[in-house]
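Trainee: Following is a predicted model, sequence given first.
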Amino acid sequence: MVDYYGYVKALHLIFVITWFAGLFYMPRLFIYLIEAQSKPVLEKEILSKQFKLMARRLWYIITWPSAVLAVFFALVLLYLMPGWLAQTWMLIKLIFVVLLIGYHLKTHQMYRQFQANTFNYSANAMRFWNEGATLLLFAIVFLAVLKSSFHWIFGVIGLVGLAVLLVLGIRLYKKYRIKNRHS
């Protein structure tokens, strides 16, 4: 009899990685698109068209299919290992997965707005948004790898610490951009 667990887990991990790749790059494309709006008209049109094309391809060819396949293979894993649903680490991980799906759906909403030339967000807001996927990735991976040996208080402290570092990094980068714009 074939042991499908390893194959299913490998496929799940591959599609989680490609899903996150799309979630990391999409807000970066949003930043480029937002910043293109302040360029001279011809440059704005060319850049906007190119960034929208890149976003459409990334979103519909990589990110959405990866999200669907990652979730599908996760469900297959849970079918193969139903005992996981009785473990606290898995229930907490699933809460973060639901947050990840919510993050994905909100990013989809932003994608549709940007495709329609509706710019309700600043480039800096998109830099902060981009870090949401980072926080979710850390939480999900640490829970999946450390399972029950991972005390929740260390996880909370770690996530808060990471969030603080990311915010500081974004603020420092903003100061750097402003300083270099005026020099």
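Mentor: Cool, the structure landed.
Trainee: Sort out which residues of stretch 43-59 are buried, please.
Mentor: Neighbour-count burial for stretch 43-59, counted by 16 or more other CB atoms under 10 Å, picks out 47-48, 51-52, 54-55, 58-59. (C-beta placed from N, C-alpha, C; glycine too.)
Trainee: ok, now stretch 92-109?
Mentor: Across stretch 92-109, burial judged by 16+ other CB under 10 Å covers 92-94, 96-97, 100, 103-104, 107.
Trainee: and the longest helix along the chain, what other elements does it pack with?
Mentor: Counting residues, the longest helix found in the chain (DSSP state H) is helix 5-36. Contacts defined by 3 or more CB pairs under 8 Å, 6 or more residues apart in numbering; DSSP states H and E place helix 5-36 against helix 41-57, helix 64-80, helix 88-115, helix 123-146.
Trainee: okay, and for the protein, where does confidence drop off?
Mentor: 1-2, 148-156, 159, 182-183 (pLDDT under 70).
Trainee: wait, Leu85 sits on Leu75?
Mentor: No - with contact defined as CB atoms under 8 Å, Leu85 does not count as touching Leu75 (11.3 Å).
Trainee: can you list the helices and strands packed on helix 5-36 in CSV and add distance to Leu168?
Mentor: What follows is the helices and strands packed on helix 5-36, written out as CSV (distance: least, CB to CB, whole Å):
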stretch, distance to Leu168
helix 41-57, 28
helix 64-80, 30
helix 88-115, 22
helix 123-146, 11
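Trainee: To Ile31, which of those helices lies closest?
Mentor: helix 123-146 (4.6 Å; CB to CB).
Trainee: what comes up buried for that closest one?
Mentor: 123, 126-127, 129-133, 135-140, 142-143.
Trainee: May I have it exported as CSV, CA atoms only?
Mentor: The C-alpha trace of helix 123-146 is given here as CSV (Å, rounded to 0.1, in the frame of the first residue of the first chain):
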residue,chain,number,x,y,z
ALA,A,123,2.0,53.3,-0.7
ASN,A,124,2.9,53.4,2.9
ALA,A,125,-0.4,51.7,3.9
MET,A,126,0.5,49.0,1.4
ARG,A,127,3.9,48.5,3.0
PHE,A,128,2.2,47.8,6.3
TRP,A,129,-0.4,45.6,4.6
ASN,A,130,2.4,43.6,3.1
GLU,A,131,3.7,42.6,6.5
GLY,A,132,0.4,41.0,7.5
ALA,A,133,1.3,38.0,5.4
THR,A,134,4.7,37.9,7.1
LEU,A,135,3.1,37.7,10.6
LEU,A,136,0.7,35.0,9.5
LEU,A,137,3.5,33.0,7.9
PHE,A,138,5.5,33.1,11.1
ALA,A,139,2.6,32.0,13.3
ILE,A,140,1.5,29.2,11.0
VAL,A,141,5.0,27.8,10.4
PHE,A,142,6.0,27.9,14.1
LEU,A,143,2.8,26.1,15.1
ALA,A,144,3.1,23.5,12.3
VAL,A,145,6.8,22.8,13.2
LEU,A,146,6.8,23.0,17.0
